[in-house]
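> this one's sequence-less:
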């Protein structure tokens, strides 16, 4: 039997389960989350709502209805409510029980699509809810299934936006809606006894007397743009008196909730911060709704300005406290938080922030908050990327954290702020990358001197088969933004490990303009798109040449998307472009004037210092199209038709130039994708096209239709002998429990025993073999010593040898065990 090594391929990336953040119930015993998967064999998507037992790590299915979403716990109970999209466009509220799977009922239905469900307990039996959904111009809930089809397709616009992200702007606007889930009295004679029902659905924006206000803020706004409590709803929205295409300025609205069913007009409290005229985000309320915290930027029109934390002790008094405020207006803390929340008792703020390539969590006590300095911050996490944090139980200081990393797609942990070093792992979706063939040993980081000798950080991701004595081609990945960063963070679109497993050393620099390295470093890209960042990237390449002997810079390729795509086009026209064997531009800028066709005009207006007619020299200076006479390197251009951020003409123009000049080039486009490629089948084509393009120029083999990693026949073996076992192992909370399962003979499947022991890093090979002697059959009742010796030898070698992915070791061991299992019939060994 031939067993091939299983590597992390595009197929594995795109088929791997994707889990949402998990939210515990009031007692902290269970947590609910959603999980989606895609199969290239059936070409279908599955979606599940699941509950995990926090004590054991075991999860189970609540529903696999693909129309179900947004599960929430009903108050302090173990009941759940979730939204279900109906075929007619309506949305039903479904009630279920975590301990009575399959027993569900419909609490009510609203006449259109809604999402972003949030709940707040008003009192026993009464739970307020808020959702988001589009509103018609008359304020009613919009249902596209009920919309009358016009006789003409013409659209007339007299102001911006015309298009936004990937669609044309329509009259319907985002709105926040509220209502009540009310429990019927217990009555044996009533079918509705003890059941919840939906009472009312009211447009919060119209009922608050607001006009021209839209929230959540498109195109990416969602549940993070509003918060609810028993007594109030708070939300952020763009200033309706300013053009949203040229301004980012926002307003915070505080709406008192005297009744969750009253539909009489009430006035919202409007909060503007005189010193902070930019965007706002992450509004949060204390449990009683009496105080607010939110994030605000200082500069209107600058979407990547530093977020400042603002605290409002009493919305009715209007007093605002900018936390860490300084006399010079720059603020005492140099980092820019992306999300905040209150602790379970409202005594602390929990702050998520990017810091040197990581997404970390800080805690800040609210005591004497007006005079707080960054010295009062307590850092709670140091690695990976925190995506969500909630109380681990209703009245517990412990935190339930969802995070990921470059090798871990989703990790659930519990952390007590009082002892942050003591972290309990609840569940790891990939066993720290192991089930994907990845390991933290593949990840490294470097610092080098960039422009003006400023330190620049970069991540290094190596192949799982890495041998420091060998040389590997370089994949140099440039991030978008440009105010963004490569972080220790999982990605399903630009995942460095996918390139590394092809045989590259992947290096992802964070040049000038990147976030997480202090606001001045982010701000420095303004007026220097092709300047300071290009120097950083160039110096990074020189550092690699001189300091990383395992990197073959004579076989280097460079790739980038959005601003990274701009940088590919810029590099192509400059000296650095001759260092690469091939380039890949995804949705990049070809000509700076092409950005006038973009939708969010505040972006180029800020970064270039003004409009074209006022600062033409800036628009011209950083225009890649000015240097097309120097273009020589083979170049793949990718651009999608629904990309309204950077229109497809940018990609076509670049490809036309390459073709006219006779440069080897290719053009890939998806008519149904936007700035990103999100559909799994399209993403697979994207990955294969990109990998085949770069592999060709560095001498690596092409990627075949099945990924060239797992043959169809071996895929079946892998699924039966590994994935099933993985499902068993992943529900176990720790290696110690895994050991107990095996040692106590709780499984009657020999392969599971061997796999489980192999996955326990605390079990040495000799102990593993000892257990195998008892677990596996022998010929004529006598243990086959040659089989044991062979297994012992292979296990010892595999365990101590680096440079092989764990899955390879496991499958090879599995093959040996299968041979051993056939000893009794005289067919094996």
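In hand now; what should we look at? Please read these numbers as outputs of a predicted model, since none were measured by experiment.
> only C-alpha atoms for contact and neighbour calcs from this point on.
OK.
> Next one, pLDDT for the closest residue to residue 374 other than its chain neighbours please.
Using CA to CA, 6 or more residues apart in numbering and skipping residues adjacent in sequence, the residue nearest residue 374 is residue 333, 6.0 Å away. With respect to pLDDT, residue 333 scores 98.
> what about residue 333, neighbour count?
18 (other CA atoms under 10 Å).
> can you list the weak-confidence ranges in the stretch 701-829 of the chain?
705-829 (pLDDT under 70).
> can you rerun that using 80?
Across the stretch 701-829 of the chain, residues meeting the criterion (pLDDT under 80) sit at 704-829.
> Point out where the stretch 451-600 of the chain drops to low pLDDT.
Residues of the stretch 451-600 of the chain that meet the cut-off, pLDDT under 80, do not exist.
> so where do the strands sit in it?
According to DSSP state E, counting those that start in this stretch, the stretch 451-600 of the chain carries its strands in the segments 455-461, 472-478, 505-510, 551-561, 582-586.
> One more: the stretch 1-150 of the chain?
Assigned by DSSP E, counting those that start in this stretch, the stretch 1-150 of the chain shows strands spanning 18-19, 23-24, 30-39, 44-53, 59-63, 68-73, 79-85, 91-97, 100-110, 115-123, 126-135.
> Determine which stretch of those is the most buried.
Per residue and on average, the most neighbours among the strands of the stretch 1-150 of the chain fall to strand 23-24, with a mean of 25 (mean count of other CA atoms under 10 Å).
> That one - what's its average pLDDT?
So the average pLDDT for strand 23-24 ends up being 99.
> by contact count, what packs against it?
Using 3 or more CA pairs under 8 Å, 6 or more residues apart in numbering; DSSP states H and E, the elements in contact with strand 23-24 are strand 30-39.
> can you list contacts of the strand it packs on?
Residues from elsewhere that reach strand 30-39, judged by CA atoms under 8 Å, 6 or more residues apart in numbering: 14-25, 44-54, 69, 71-72, 680.
> How far off centre is it?
Distance, stretch centre to chain centre, for strand 30-39: 14 Å (CA atoms, centre = their mean, to the nearest Å).
> angle of it against strand 44-53?
160 degrees (axes from the mean of the first three to the mean of the last three CA atoms, to 10 degrees).
> mind listing what's buried in the longest helix seen in the chain?
As assigned by DSSP state H, the longest helix anywhere in the chain is helix 680-698. In terms of neighbour count (16 or more other CA atoms under 10 Å), helix 680-698 has its buried residues at 680-681, 683-695, 697-698.
> what's the answer for stretch 430-445, then?
430-440, 442-443.
> Pick out whichever of the residues you listed sits closest to residue 650.
Nearest to residue 650, judged by CA to CA, of the buried residues of stretch 430-445 is residue 443 at 34.5 Å.
> where's the residue lying closest to the closest one once chain neighbours are set aside relative to residue 433, distance?
Leaving aside its sequence neighbours, residue 443 sits nearest to residue 461 (CA to CA, 6+ apart; 4.7 Å). Separation of residue 461 from residue 433 (CA to CA, to the nearest Å) stands at 13 Å.
> Now do the spatially closest residue to residue 455 that is not a sequence neighbour, the pLDDT please.
Excluding the flanking residues, the one nearest residue 455 by CA to CA, 6+ apart is residue 449, at 4.8 Å. Model confidence at residue 449, given as pLDDT, is 99.
> what does residue 254 give?
The confidence metric pLDDT takes the value 97 at residue 254.
> Also residue 274?
pLDDT for residue 274: 86.
> now do residue 370
Reading off the model, residue 370 has pLDDT 96.
> So it lies in a helix, does it not?
Yes - the assignment for residue 370 (DSSP: H, G, I helix; E, B strand; the rest coil) places it in a helix.
> what's the burial count for it?
14.
> from what I can see it touches residue 321, true?
Yes - counting by CA atoms under 8 Å, residue 321 is a contact partner of residue 370 at 6.3 Å.
> give the contact list for the nearest residue to residue 302 once chain neighbours are set aside.
In this structure, residue 302 finds its nearest non-sequential neighbour in residue 606, 6.2 Å apart by CA to CA, 6+ apart. Residue 606 is in contact with 301, 302, 526, counting by CA under 8 Å, 6+ apart.
> and residue 606, how far is that from residue 639?
Applying CA to CA to residue 606 and residue 639 gives a distance of 24 Å.
> One more: residue 559?
Going from residue 559 to residue 639 by CA to CA gives 14 Å.
> Settle it for me: which of these two has more neighbours?
residue 639 (29 against 22).
> Identify the residues contacting the more buried one.
586, 587, 588, 648, 650, 651, 652, 667, 668, 669, 670, 675.
> Okay, and which of those residues map to strands?
586, 667, 668 (DSSP state E).
> Of these, which is the most crowded?
Going by other CA under 10 Å, residue 586 tops these with 28 neighbours.
> Surely that residue is in contact with residue 567?
No - assessed by CA under 8 Å, residue 586 is found out of contact with residue 567, at 10.5 Å.
> Can you mark which positions in stretch 647-659 are buried?
In stretch 647-659, counting by 16+ other CA under 10 Å, buried: 647, 648, 649, 650, 651, 652, 653, 654, 655, 657, 658.
> Give me the nearest residue to residue 283, chain neighbours excluded.
Distances taken as CA to CA, 6+ apart place residue 294 nearest to residue 283, at 4.3 Å, with adjacent residues excluded.
> Just confirm the one you found is within a strand.
Yes - under three-state DSSP, residue 294 sits within a strand.
> doesn't residue 284 make contact with it?
Yes - look at residue 294 against residue 284 with CA under 8 Å: they come within range, at 6.2 Å.
> Find the residues that touch each one of these two.
Counting by CA under 8 Å, 6+ apart, the shared contacts of residue 294 and residue 284 are residue 340.
> any idea how far residue 670 is from residue 638?
For residue 638, the distance to residue 670 - CA to CA - is 9 Å.
> ok, the two, which is more surrounded?
residue 638 (26 against 17).
> Now the phi/psi pair for the more buried one, please.
Residue 638 adopts backbone torsions of phi -120, psi 130, taken as degrees, to the nearest 10.
> residue contacts, it?
Residue 638 touches 584, 585, 586, 587, 651, 667, 668, 669, counting by CA under 8 Å, 6+ apart.
> hmm, try it at 7 Å
585, 586, 587, 651, 667, 668, 669 (CA atoms under 7 Å, 6 or more residues apart in numbering).
> For my notes, please list those in CSV and give distance to residue 547 for each entry.
Formatted as CSV, the contacts of residue 638 follow (distance: CA to CA, whole Å):
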residue, distance to residue 547
585, 27
586, 29
587, 32
651, 35
667, 35
668, 36
669, 38
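> Please identify which of these is nearest to residue 256.
Distance to residue 256 across the contacts of residue 638 (CA to CA) is lowest for residue 587, with 44.3 Å.
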